[in-house]
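Peer 1: Need a 3D model of the following:
(chains A and B)
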2 protein chains.
Amino acid sequence: MKLHIEAYILERKELVDKRLSNIFSESGDGITRLDESIRYSLLGGGKRLRPILCIAGCESVGGNIDLAIPVACAIEMIHTYSLIHDDLPCMDDDLLRRGKPTNHRVFGEATSILAGDALLTDAFAILAEVSLRDGLDSKIALEVIREISRACGSQGIIKGQAWDLALEGKDVKVDMIEKIHALKTGTLIEASVVAGGKVGRGSKKEVTLLRKYARPLGLAFQIIDDVLDIEGGAEMGKHSGMDIKRKKATYPSLVGIERAKEVAQSLTQKALLAIEDFDGKADPLREIARYLIKRKR
Amino acid sequence: MKLHIEAYILERKELVDKRLSNIFSESGDGITRLDESIRYSLLGGGKRLRPILCIAGCESVGGNIDLAIPVACAIEMIHTYSLIHDDLPCMDDDLLRRGKPTNHRVFGEATSILAGDALLTDAFAILAEVSLRDGLDSKIALEVIREISRACGSQGIIKGQAWDLALEGKDVKVDMIEKIHALKTGTLIEASVVAGGKVGRGSKKEVTLLRKYARPLGLAFQIIDDVLDIEGGAEMGKHSGMDIKRKKATYPSLVGIERAKEVAQSLTQKALLAIEDFDGKADPLREIARYLIKRKR
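Peer 2: Got it, this is the predicted structure:
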């Protein structure tokens, strides 16, 4: 039976959205707009790519997704924190995110910095709970925490964002763009798939192959994102062409749109090759990879 | 033999400082000042109260401090992150911290937000490593991660900071000040002592008593801090009297300096009472409590 990838994505997305909605109180604390600010960014749309990859990674090794869902939610919380902080006036100074005004424009800078801090911190409490309350093997839980914190820390997303800011407006080579993408986007996409594989109790070999799948996939995803930023209109949910306005070098701006698409295609093939020996349970991972380069937003 | 508390504190502080200095590279990444910014705040003095309490908590139950030191360092990293973010122009807009210009004044807002984010995130990688590499029992490591992330998250430090900002310039009652102190300062002080007790393999009962010790201690510490802010001159290492200038209600500004000191004294007695059945190994905790209300900075 052929996998309907769009139905698969929608179903997994709903599982994640529902769980995320339960994490932060709708009524707030009565004094601040912190919870409201967190919910605004966390529940405001988003493709949920990383959590879906985490769940699909778990399924690919035959794991039960019940334990992968909270891990997937923690990853999406961390991703949302990084978006809120990246959008700040002193960082990328973005006005729109996921089709809505950015968090700091609605809630002010202080609340949006705190909302990001809270999402990041609370994610680790959730990851600890997956073991302490829900029963995930404690060593696996610690490996997942290490994987995710390294992906997002001073040698991961944060270094990528710092480099990105430092090199804005400068003459940047393609290999540097690739490095920044690997840090800013690649690390957490890799951690998502790997965490899923670990939670699903994949073998060491399987987890290594999942890592080999996720690395080129992360870069392909970011290249297509940058292509869509140039090509895309209203569909993108953020101001399209922002990278050009900001004089930010991107993959397609350096090598051209057609060449960028070819590279993304070949990276996708590389990702698929890594998991070719997996059985049909890895079809979601395969179809997600194919879906990501065909998407229009 | 009587414990020389100042020598004890100095020795433990040096253990922590030395370890912290090894965590972030001195040479940096060659592109940004991120590592330099992190080291500037992390290694720039500081009493190291929380890490010392963590180590003393471990010793009080007869634990080996080798595993408590990295946990103590992770806690100090998280504390430093919270100071960097609190000092930002959109938050408390502080000019001096630990006697030096605040992080954002030296490195700019973007780098200082990222430095805070990195300290917070990397702390969790270190906590995972204490088990995965150094051999701390994995369930204890997860309990420590949960304890610390809850102390710092949306229901802890971050809520305290959000409340503090929201109530600035407003008419605030003493019980609200106590609540904010409990969230902003108390939670991490409590988590420090409790984490030490857990890492030292204290019994459930011992850890409960350590918690009862730490709660009043945290409030006493903050009250004395606010007294010193009013009384203190150059010794405080930050602009003294800042709370008054900012029209921020504090414990001593509401009840008077003498009454505030009495309350701090009685909270300290309460802390000491909680651990009265502990043997001499808890003397560092006892002496730290006495030292904290006598300090001049």
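Peer 1: Close to chain B: what parts of the stretch 151-297 of chain A are there?
Peer 2: A:C152, A:G153, A:S154, A:I158, A:K159, A:Q161, A:A162, A:W163, A:L165, A:A166, A:L167 (CB under 8 Å from any CB of the partner chain). Bear in mind the C-beta positions are built from the backbone N, C-alpha and C, glycine included.
Peer 1: wait, isn't A:A118 in contact with A:I38?
Peer 2: Yes: between A:A118 and A:I38 there is a contact at 6.0 Å, judged by CB atoms under 8 Å.
Peer 1: Need the residues touching each of the two.
Peer 2: Residues touching both A:A118 and A:I38 by CB atoms under 8 Å, 6 or more residues apart in numbering or on different chains: B:S154.
Peer 1: Which residue ranges of chain A form strands?
Peer 2: Applying DSSP state E to chain A gives strands spanning A:96-97, A:100-101.
Peer 1: among those, which is the most enclosed?
Peer 2: strand A:96-97 (a mean of 20; mean count of other CB atoms under 10 Å in any protein chain shown).
Peer 1: Quick one: mean pLDDT over it.
Peer 2: Throughout strand A:96-97, pLDDT has a mean value of 94.
Peer 1: Direction included, what does it pair against?
Peer 2: strand A:100-101 (antiparallel) (DSSP bridges).
Peer 1: which outside residues touch the partner strand?
Peer 2: Residues contacting strand A:100-101 (CB under 8 Å, 6+ apart): A:Y40, A:G44, A:G45, A:L95.
Peer 1: you'd agree the last one is up against A:R105?
Peer 2: Yes: with contacts defined as CB under 8 Å, A:L95 counts as touching A:R105 at a distance of 6.7 Å.
Peer 1: Neighbour count for the two, which is higher?
Peer 2: A:R105 (16 against 13; other CB atoms under 10 Å in any protein chain shown).
Peer 1: Going by residue numbers, what spans are helices in the stretch 51-200 of chain A?
Peer 2: A:68-86, A:103-107, A:109-132, A:138-152, A:157-166, A:174-181, A:187-199 (DSSP state H, counting those that start in this stretch).
Peer 1: Give me whichever of those is most buried.
Peer 2: helix A:187-199 comes out most buried of the helices of the stretch 51-200 of chain A by mean count of other CB under 10 Å, with a mean of 28.
Peer 1: That one - contacts with which helices or strands?
Peer 2: helix A:49-60, helix A:68-86, helix A:138-152, helix A:157-166, helix A:204-231 (3 or more CB pairs under 8 Å, 6 or more residues apart in numbering or on different chains; DSSP states H and E).
Peer 1: so can I have TSV of those helices showing mean pLDDT?
Peer 2: Below are the helices and strands packed on helix A:187-199 laid out as TSV (pLDDT from 0 to 100):
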stretch	mean pLDDT
helix A:49-60	98
helix A:68-86	98
helix A:138-152	98
helix A:157-166	95
helix A:204-231	96
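Peer 1: Ok, which of these comes nearest B:A125?
Peer 2: helix A:138-152 (3.9 Å; CB to CB).
Peer 1: how far off helix B:109-132 does the closest one point, in degrees?
Peer 2: Counting by axes from the mean of the first three to the mean of the last three CA atoms, to 10 degrees, helix A:138-152 lies at 160 degrees to helix B:109-132.
Peer 1: the inter-axis angle of helix A:138-152 versus helix A:68-86?
Peer 2: Comparing the axes of helix A:138-152 and helix A:68-86 via the same axes, to 10 degrees yields an angle of 20 degrees.
Peer 1: re the thing from before, taking the contacts of strand A:100-101 as a set, which two sit the farthest apart in space?
Peer 2: For the contacts of strand A:100-101, the farthest-apart pair by CB to CB is A:G45 and A:L95; their separation is 16.0 Å.
Peer 1: In space, not sequence, find me the middle residue of chain A.
Peer 2: A:R50 (4.2 Å; CA atoms, centre = their mean).
Peer 1: contacting residues around the residue nearest to that residue when sequence neighbours are not counted?
Peer 2: Once flanking residues are discounted, A:R50 sits nearest to A:S192: 4.2 Å by CB to CB, 6 or more residues apart in numbering or on different chains. Counting by CB under 8 Å, 6+ apart, A:S192 makes contact with A:R50, A:P51, A:L53, A:C54, A:G57, A:A72, A:I75, A:A214.
Peer 1: again, but for A:L136
Peer 2: A:L67, A:V130, A:V199.
Peer 1: Can you tell me which of those residues is nearest B:V227?
Peer 2: Out of the contacts of A:L136, the member with the shortest distance to B:V227 (by CB to CB) is A:V130, at 43.1 Å.
Peer 1: The closest one and A:L67 touch, don't they?
Peer 2: Yes: in this structure, A:V130 is within contact of A:L67 by CB under 8 Å, at 6.0 Å.
Peer 1: intersection of neighbour lists for those two?
Peer 2: In contact with both A:V130 and A:L67: A:L136, A:V199, using CB under 8 Å, 6+ apart.
Peer 1: Sketch out the low-pLDDT regions of the stretch 151-297 of chain A for me.
Peer 2: A:233-247 (pLDDT under 70).
Peer 1: distance between the ends of stretch A:99-119?
Peer 2: Its first and final residues considered, stretch A:99-119 spans 21 Å by CA to CA, to the nearest Å.
Peer 1: That stretch: how far from the chain's middle?
Peer 2: 18 Å (CA atoms, centre = their mean, to the nearest Å).
Peer 1: go on, stretch A:54-66?
Peer 2: 17 Å.
Peer 1: and what of stretch A:61-79?
Peer 2: Worked out by CA atoms, centre = their mean, stretch A:61-79 lies 12 Å from the chain centre.
Peer 1: Then stretch A:75-94?
Peer 2: That offset, for stretch A:75-94, works out to 12 Å (CA atoms, centre = their mean).
Peer 1: which residues sit in contact with the residue nearest to A:I84 when sequence neighbours are not counted?
Peer 2: Leaving aside its sequence neighbours, A:I84 sits nearest to A:G116 (CB to CB, 6+ apart; 4.2 Å). Neighbour list for A:G116: A:T80, A:Y81, A:S82, A:I84, A:H85, B:D117 [criterion: CB under 8 Å, 6+ apart].
Peer 1: Same question for stretch A:13-31: list its buried residues.
Peer 2: A:K13, A:L15, A:V16, A:D17, A:R19, A:L20, A:I23, A:F24, A:D29 (16 or more other CB atoms under 10 Å in any protein chain shown).
Peer 1: mind listing which of the residues you listed are in helices?
Peer 2: Mapping the buried residues of stretch A:13-31 onto helices (DSSP state H) picks out A:K13, A:L15, A:V16, A:D17, A:R19, A:L20, A:I23.
Peer 1: Out of these, which one has the weakest pLDDT?
Peer 2: Minimum pLDDT across these falls on A:I23, with 91.
Peer 1: Would you agree that residue is in contact with A:A123?
Peer 2: No: at 9.6 Å, A:I23 does not count as touching A:A123 under the criterion of CB under 8 Å.
Peer 1: between these two, what contacts are shared?
Peer 2: With CB under 8 Å, 6+ apart as the test, A:I23 and A:A123 both reach A:M77.
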